[in-house]
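# Following is a predicted model, sequence given first.
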Amino acid sequence: MQQPGDRIFAASARGAGILILVVLAGVAAFLVIQAIPALVANPADLPGGKNIAVYVAPFVFGTVVSSAIALIIATPLAIAVALFITHYAPRRLAQGLGYLIDLLAAVPSIVFGLWGLAVLAPAMLGLSTWLNTYLGWIPLFAGPVSVTGRTMLVVGVTLAVMILPIITAVSREVFLQTPKLHEEAALALGATRWEMIRMSVLPFGRSGIISGAMLGLGRALGETMAVAIILSGSSIITFNLISSGNSSSIAANIALNFPDSTGVAVNTLIASGLVLFVITLLVNSLARYIINRRREFSGAN
Amino acid sequence: MGKAIDAKNLNIYYSSFLAVEGVNMTIRPKTVTALIGPSGCGKSTFLRSINRMHEVIPGARVEGRLELDGKDLYGPGVDPVGVRRQIGMVFQRPNPFPTMSIYDNVIAGQRLNNKKMKKDATDDLVEQSLRGANLWNEVKDRLDKPGSSMSGGQQQRLCIARAIAVQPDVLLMDEPCSALDPISTLAIEDLINELKMDYTIVIVTHNMQQAARVSDFTGFFNIEGTGKPGHLVEMDETKTIFSQPKEKATEDYVSGRFG
């Protein structure tokens, strides 16, 4: 016989699970239904006057590139900060630093956008020029260098700062949960602190790091205000990260154009939103796949 | 391989708290020494101070001398990391690295010492260490499987194989059988008997039959009361400790009349 408490708990847990699925399905249904008119419309009626894929492609490109830059910069930094907090810093310093990082997560994205535009963009002019001078043979830094500093690179760095707290927080939590047993196993073999981290802490925290990075990536992919403020984007596809011509991101493009759009143009924007939804879904599935691939070797069993 | 350990007036502190007081103990090479005593008496703390593992806790330090074949383990300029490479340790609960295969677990210590090793030399080391831990025949066909896929007793023998793969001078065991069933315990005890041909072994155990079965010498630790430091009451040949100990406290403890 089940106790009433068990039944109530089971029912509410099941209800919460179902609710999430219903909300997700609702969002997906909304996106698909609203996107259909744009998908079947005559290409000439769409903004830009071409195929919907041609319209969305530059924004997809901009979204992916800016998020990739952010992730490449933020992940190693977040792991380093989390390791410092959990394994190197004295306790009081670690606590203060932890609060500070959490505080960074509370800053509204519009503030990061303004900061990126007013502070980071001019500050990174020197770096951009340097990259162009010495690494200009790499297409990423081909130039000419934008004089305003409002470039894809600046957006990427701003997004990196924005997603740093979430990746750090998740990594810190999993690093703290590394079983003492495994840490001591490494130390007893004569591992230095760094070797111990490589043998026990990082392998144990691997899936947590990936989860944190995916949460961060989710935020970077969907980030609207910071990108919209910093970038004067256009419908081009270019790998050049430091010049004035940049591809905008899906979210920024929707935010900037939605107020002035009517009719099928609205559906086009929603269709681009659907694409963003699919990208995020794919990225998350990929992360799940990576985590599951070596499940039997994870610390969980 | 197989060196002597000498503790001279060893006091062990956690910050200002004196955990173990005034230990004088000589452990002969290639013998098995059992440390017994009630919980909290400092036998584990003493064991962990031999390879400086107690320093994992911030504020832990010692006074007095602890020597390995006459060399001070706490001398200036002695790196705890180096000490731990000479003095291996097996823990209470089996702790193979869950993210590594059986093979990689065995050579984990060797990888730290010496990055480059030829493939067949490594293969030989793995086979030799697993044979040394009486595990080879059970796992030779699944060396690429994770260490956590084995039974508890096998995992503990894997940990012993991992410890002896770096050819230490001393092997410390902190209640190595307390999480194991009787059959696995027997396997580990047989193994200890073989290992003492090559290594000096110090084992902490709560099981007095085990101490009587496996050890040549036994040290009895006791504590006056909570908050007081633990100390070594007496140490002698195991059969003496269990038949005619000099101290009344030892006799009470080994005969089960304690407390």
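Here it is on my side, so go on. Numbering: from 1, shown residues only, chains lettered A, B, ... in the order given.

# From now on I want contacts and neighbour counts done on CA atoms only, so please keep to that.
Noted.

# which parts of the stretch 51-200 of chain A sit against chain B?
A:181-182, A:184-185, A:187-192, A:195, A:199-200 (Cα under 8 Å from any Cα of the partner chain).

# at 7 Å what do you get?
For the stretch 51-200 of chain A, the contact set with chain B under Cα under 7 Å from any Cα of the partner chain comprises A:181-182, A:185, A:188-192, A:200.

# quick one: which of those residues is most hemmed in?
Of all these, the highest neighbour tally under other Cα atoms under 10 Å in any protein chain shown goes to residue A:189, namely 30 neighbours.

# For it, report the pLDDT, please.
pLDDT recorded at residue A:189 is 91.

# Could you dump the residues of the stretch 51-200 of chain A next to chain B into a markdown table with secondary structure added?
As requested, those are exported to a markdown table (DSSP: H, G, I helix; E, B strand; the rest coil):
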| residue | secondary structure |
| --- | --- |
| A:181 | helix |
| A:182 | helix |
| A:185 | helix |
| A:188 | helix |
| A:189 | coil |
| A:190 | coil |
| A:191 | coil |
| A:192 | coil |
| A:200 | helix |
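
# Show me which pair in the residues you listed is furthest apart.
Pairwise distances across these (Cα to Cα) peak at 15.8 Å, for the pair A:181 and A:192.

# Could you give the separation of stretch B:17-33 from the chain centroid?
Distance of stretch B:17-33 from the chain centroid (Cα atoms, centre = their mean, to the nearest Å) equals 12 Å.

# quick check: mean pLDDT across that stretch?
Mean pLDDT, computed over stretch B:17-33, is 92.

# Can you name the residue of the stretch 51-200 of chain A nearest to chain B?
Residue nearest to chain B within the stretch 51-200 of chain A (Cα to the nearest Cα): residue A:190, separated by 4.6 Å.

# That residue is in contact with residue B:87, isn't it?
No: between residue A:190 and residue B:87 there is no contact under Cα atoms under 7 Å: 8.8 Å.

# Assign the closest residue to residue A:210 other than its chain neighbours to helix, strand or coil.
Leaving aside its chain neighbours, residue A:210 sits nearest to residue A:287 (6.7 Å; criterion: Cα to Cα, 6 or more residues apart in numbering or on different chains). Of the three states, residue A:287 takes helix under three-state DSSP.

# neighbours of residue A:287, just the number please.
Residue A:287, neighbours per other Cα under 10 Å, totals 17.

# Pull up the gap between it and residue A:28, please.
21 Å (Cα to Cα, to the nearest Å).

# Mind jotting down where the helices sit in the chain?
Just so you know, I chose chain A. Using DSSP state H, the helices found in chain A span residues A:4-40, A:52-83, A:91-106, A:109-115, A:121-123, A:125-135, A:152-176, A:180-188, A:193-196, A:202-222, A:225-230, A:250-257, A:264-293.

# I was after chain B.
B:43-50, B:80-86, B:102-106, B:108-113, B:119-132, B:136-139, B:152-164, B:182-195, B:208-214, B:238-243, B:248-254.

# what sits up against the second one?
If you take Cα atoms under 7 Å, 6 or more residues apart in numbering or on different chains as the criterion, helix B:80-86 is touched by A:188-192, B:51-52, B:73, B:168-170.

# now swap in the shortest one and tell me
Taking contacts as Cα under 7 Å, 6+ apart, the residues outside helix B:136-139 that touch it are B:127, B:130.

# Alpha carbons of that helix, as PDB, please.
Provided in PDB are the C-alpha atoms of helix B:136-139 (Å, rounded to 0.1, in the frame of the first residue of the first chain):
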ATOM      1  CA  TRP B 136      45.800 -11.300 -13.800                       C
ATOM      2  CA  ASN B 137      43.800 -14.400 -14.600                       C
ATOM      3  CA  GLU B 138      40.500 -12.800 -13.800                       C
ATOM      4  CA  VAL B 139      41.000  -9.600 -15.900                       C
END
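
# Might you report the residue contacts of the closest residue to residue B:91 other than its chain neighbours?
Take residue B:91 and drop its neighbours on the chain: the residue closest to it by Cα to Cα, 6+ apart is residue B:174, 5.1 Å away. The neighbours of residue B:174, taking Cα under 7 Å, 6+ apart as the test, are B:44, B:90-92, B:203-204.

# Could you give the bridge partners of residue B:87?
Here residue B:87 sits in beta bridges with residue B:170, going by DSSP bridges.
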